[in-house]
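Colleague: I need the structure of the sequence given here:
(one chain, ligands or ions: 2)
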Amino acid sequence: MNILVTGGLGYIGSHTCVKLIEAGYTPIIIDNLYNSKKSVLKRIEKITGQLPLFYYGDIQDKPFLDTIFKKHSISSVIHFAGLKAVGESVTKPLEYYENNVYGSICLAQVMRDNQVNNIIFSSSATVYGEKNATPYIETMQTGNVTNPYGWSKYMVEQIYVDLHTSQPTWSISLLRYFNPVGAHPSGLMGEDPQGIPNNLMPYIAQVAIGKREKLSVYGNDYPTKDGTGVRDYIHVEDLAKGHVAALNNINQSGVHIYNLGAGIGNSVLEVLAAYEKACHKKLPYQIVNRRAGDIAAFWADASKAQRELNWQTECSLDDMAKDSWNWQITNPNGYPDE
Ligand code: NAD
Ligand code: UFG
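Modeller: Residues are numbered from 1 along each chain as shown. Ligands and ions are numbered 1, 2, ... in the order given. Now for the predicted structure:
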């Protein structure tokens, strides 16, 4: 069964392609290589023994998308393609809305024109905004988002809900990821941030490998267990399996919303301690001011995915740190250019 995977060479998409192949699906990847490298394909082949079909192109290019839907019989789409840097979205809102919102509209239009009505969309816990109490539950009202990236996810969710209302045969899964970290246990695939990492674990990884001097901990005066920010970290392997679970359920039309998280919160200092354990050394850090827009603590109520998809996380924070470090040490400069 052919599954079109937009953004399939990116961090979460590549891990999901491996899980799709292992589950017997055939991923067909579209990516514009804005934040990924073509050499990811060879890594997928090395792990699975199969080289996925890859089309270089942009989801905003409707004629390009149309040729792919005409050429292949596609049963469902998993839509990862998007820009994801929260801080950058504040300085480049138009680029974020164009790529994430307009791109998602183009994709859905071409799907509709080709009678493909099953889509799984990469949403984010950020849609819960800053007013909801934690843990976040799917039935909570979304909104009050603090940045254009988050609003773009909120808007696409709404657009896809409206699409389903207009044509109830659609099956739309909105997967709200919490904080994906870690890497494939083989060390062949992982997160490959360009420039200074925005997110906690990739930053710690670069401190551990000696590329950055020390971690800046953004505040230790939050009302949390040790004063530092608390998040729900989820191993990218577990997250990838969540997509296969959602795909196995895709034949029911409707809008299906799931939190994909571990259901527990860990603080910045706990993540740092897990990483120190993984790399067997003490890692330098300093406490600095809070980062603008950060929320003190949130984690998922992930019971709906467990109940309805029979999915739950299996990896611990120690597994996440161990696999991240294994990837970092074996690929200190990330993926090769070719
Ligand atoms: P990523 O940047 O590693 O992967 C996204 C991929 O999409 C990249 O390979 C990029 O080149 C491609 N892409 C971007 N715009 C495109 C376009 N217009 N046409 C074709 N390809 C395009 O990011 P990721 O961490 O794998 O995230 C995947 C999805 O999950 C994104 O939509 C992201 O917003 C969402 N998400 C990520 C996180 C996270 O912390 N990583 C959390 C919540 C949600
Ligand atoms: N942090 C530091 N130092 C750093 C980086 C992060 O102390 O150098 C702290 C943050 O203040 C926060 C925690 O580590 O308390 C996690 O921060 P991340 O930047 O790793 O993750 P966020 O929760 O801020 O954001 C992530 C994704 C967003 C997504 C959000 C909710 O980057 O795309 O999770 O899913 F919207």
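Colleague: C-alpha only now, for contacts and for neighbours.
Modeller: Fine.
Colleague: next helix or strand past the longest helix along the chain?
Modeller: The single longest helix within the chain, with elements called by DSSP state H, is helix 148-166. Going down the chain from helix 148-166, the next helix or strand is strand 171-177, by DSSP states H and E.
Colleague: Could you list the residues in contact with the next helix or strand after that next one?
Modeller: As assigned by DSSP H and E, the chain's next helix or strand after strand 171-177 is strand 179-181. By CA atoms under 8 Å, 6 or more residues apart in numbering, the residues outside strand 179-181 that reach it are 191, 201, 231, 232, 233, 234, 235, 236, 239, 261, 320, 324.
Colleague: give me that answer again for 7 Å
Modeller: Residues from elsewhere that reach strand 179-181 (CA atoms under 7 Å, 6 or more residues apart in numbering): 201, 231, 232, 233, 234, 235, 236, 320.
Colleague: Widest-spaced pair of these?
Modeller: 231 and 236 (14.9 Å; CA to CA).
Colleague: In terms of neighbours, single out the busier of the two.
Modeller: Neighbour count, other CA atoms under 10 Å: between residue 231 and residue 236, residue 236 has more, with 27 against 23.
Colleague: The nearest residue in space to residue 133 that is not next to it in sequence - how many residues pack around it?
Modeller: Leaving aside its sequence neighbours, residue 133 sits nearest to residue 298 (CA to CA, 6 or more residues apart in numbering; 8.0 Å). When neighbours are counted by other CA under 10 Å, residue 298 registers 24.
Colleague: Check residue 283 too.
Modeller: Look at residue 283: counted by other CA under 10 Å, it has 18 neighbours.
Colleague: Write out the residues of the chain neighbouring ligand 1.
Modeller: Proximity of the chain to ligand 1 is confined to 7, 9-13, 31-36, 57-60, 80-84, 99, 103, 122-124, 177-180 under the rule CA under 6 Å from any ligand atom.
Colleague: Out of those, which end up buried?
Modeller: Buried by 16 or more other CA atoms under 10 Å: 7, 9-13, 31-32, 35-36, 57-60, 80-83, 99, 103, 122-124, 177-180, out of the residues of the chain next to ligand 1.
Colleague: before we move on, back to that, from the residues of the chain next to ligand 1, which ones fall inside helices?
Modeller: Per DSSP H, the residues of the chain next to ligand 1 map to helices at 11, 12, 13, 103.
Colleague: now, which of these sits nearest residue 76?
Modeller: Residue 76 lies nearest to residue 13 out of these, by CA to CA, at 14.6 Å.
Colleague: counting contacts, what elements does the helix or strand bottoming out on mean pLDDT in the chain pack onto?
Modeller: Of all the helices and strands that make up the chain, helix 86-91 has the lowest average by mean pLDDT, DSSP states H and E, namely a mean of 94. Applying 3 or more CA pairs under 7 Å, 6 or more residues apart in numbering; DSSP states H and E, we find helix 86-91 packed against helix 148-166.
Colleague: Put the alpha carbons of stretch 52-71 into CSV.
Modeller: Coordinates of each C-alpha in stretch 52-71 appear next as CSV, following Å, rounded to 0.1, in the frame of the first residue of the first chain:
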residue,chain,number,x,y,z
PRO,A,52,12.1,4.5,-0.9
LEU,A,53,10.9,6.3,-3.9
PHE,A,54,11.8,10.0,-3.6
TYR,A,55,10.5,13.1,-5.4
TYR,A,56,12.3,16.4,-4.9
GLY,A,57,9.7,19.2,-4.8
ASP,A,58,7.6,21.5,-2.9
ILE,A,59,4.1,20.8,-1.5
GLN,A,60,3.0,24.3,-2.7
ASP,A,61,3.6,23.2,-6.3
LYS,A,62,0.2,21.7,-7.2
PRO,A,63,1.1,20.5,-10.7
PHE,A,64,4.1,18.7,-9.2
LEU,A,65,1.9,17.0,-6.6
ASP,A,66,-0.8,16.2,-9.2
THR,A,67,1.7,14.2,-11.3
ILE,A,68,2.6,12.1,-8.3
PHE,A,69,-1.0,11.3,-7.5
LYS,A,70,-1.7,10.5,-11.1
LYS,A,71,1.4,8.3,-11.4
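Colleague: where exactly do the helices run in the stretch 201-338 of the chain?
Modeller: Along the stretch 201-338 of the chain, the segments classed as helices by DSSP state H, counting those that start in this stretch run 236-248, 268-279, 303-309, 317-330.
Colleague: Quick one, which of the ones you listed gets closest to residue 187.
Modeller: That would be helix 317-330 among those, by CA to CA, at 4.3 Å.
Colleague: quick one, the closest one and helix 236-248 angle?
Modeller: Here helix 317-330 runs at an angle of 110 degrees relative to helix 236-248 (axes from the mean of the first three to the mean of the last three CA atoms, to 10 degrees).
Colleague: Now do the buried residues in helix 317-330.
Modeller: By neighbour count on 16+ other CA under 10 Å, the buried set for helix 317-330 is 317-329.
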